[in-house]
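Asker: sequence first, predicted coordinates after that:
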Amino acid sequence: MKKLMIALGLTLALSAPAWAANNIWQYNQHIAIDMDSAKITTEKGMTILTFKTIEKADGVTDNCTYVYNVDDQTIQLKEMISKTAKRSYKSNFYPESIKTGNNVIKGRAHMANNVLKKVQEADAMKGSHKR
């Protein structure tokens, strides 16, 4: 019985990462997007996309939540939890205009637009729109 439980535990441990990876989109070498977190909603008549990323570079891991207002053309890094080997801290930022934003803002907006397209394509494949 003990061997069976160990074998079952190992099987689950080995299969879980493969299952979890199905919903992670490796956007580039530094950014992975949790597509399960990507949601389109309508707030005050505006189309809003919210999604989460894991961003890794130079020994820092950032868990980020983005809010992309499609109609206002703004993007917000709503929450960023940064972890290094020695510390962890939390930051948040105000929405930024994509039109007047710097290259980082424009890059994040481009990423958000790609996420939006993937979510819309997935919704179309399902034949339903959750808004």
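Answerer: Arrived safely.
Asker: three-state assignment of residue 99?
Answerer: Secondary structure, DSSP: H, G, I helix; E, B strand; the rest coil: residue 99 is coil.
Asker: how many other residues sit next to the nearest residue to it once chain neighbours are set aside?
Answerer: Leaving aside its sequence neighbours, residue 99 sits nearest to residue 73 (CB to CB, 6 or more residues apart in numbering; 6.1 Å). C-beta: built from backbone N, CA, C; applies to glycine. Neighbour count of residue 73, defined by other CB atoms under 10 Å: 15.
Asker: now do the contacts for residue 73.
Answerer: Residues in contact with residue 73 (CB atoms under 8 Å, 6 or more residues apart in numbering) are 97-99, 109.
Asker: one more time with 7 Å, if that's ok
Answerer: Counting by CB atoms under 7 Å, 6 or more residues apart in numbering, residue 73 touches 97-99.
Asker: so how far is residue 97 from it?
Answerer: Distance check for residue 73 against residue 97: by CB to CB, to the nearest Å, it reads 7 Å.
Asker: buried sites along the lengthiest helix in the chain?
Answerer: Using DSSP state H, we find that the single longest helix of the chain is helix 103-126. The neighbour-count check on helix 103-126 (16 or more other CB atoms under 10 Å) flags 105, 108-109, 111-112, 115-116, 119 as buried.
Asker: which of those lies closest to residue 62?
Answerer: Taking CB to CB as the measure, residue 62 lies nearest residue 108 of these, at 12.2 Å.
Asker: please write out the alpha-carbon positions of the longest helix of the chain in CSV.
Answerer: Taking Å, rounded to 0.1, in the frame of the first residue of the first chain, the C-alpha atoms of helix 103-126 are listed here in CSV:
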residue,chain,number,x,y,z
ASN,A,103,8.5,52.5,-24.8
VAL,A,104,7.9,50.3,-21.8
ILE,A,105,4.2,51.4,-21.7
LYS,A,106,3.9,50.8,-25.4
GLY,A,107,5.5,47.4,-25.1
ARG,A,108,3.1,46.4,-22.3
ALA,A,109,0.2,47.7,-24.3
HIS,A,110,1.3,45.6,-27.3
MET,A,111,1.5,42.5,-25.0
ALA,A,112,-2.0,43.3,-23.6
ASN,A,113,-3.4,43.6,-27.1
ASN,A,114,-1.9,40.2,-28.0
VAL,A,115,-3.5,38.7,-24.8
LEU,A,116,-6.8,40.3,-25.8
LYS,A,117,-6.7,38.7,-29.2
LYS,A,118,-6.0,35.3,-27.8
VAL,A,119,-8.9,35.6,-25.3
GLN,A,120,-11.3,36.7,-28.0
GLU,A,121,-10.1,33.8,-30.3
ALA,A,122,-10.7,31.4,-27.4
ASP,A,123,-14.1,32.8,-26.7
ALA,A,124,-15.0,32.6,-30.4
MET,A,125,-13.9,28.9,-30.5
LYS,A,126,-16.1,28.2,-27.5
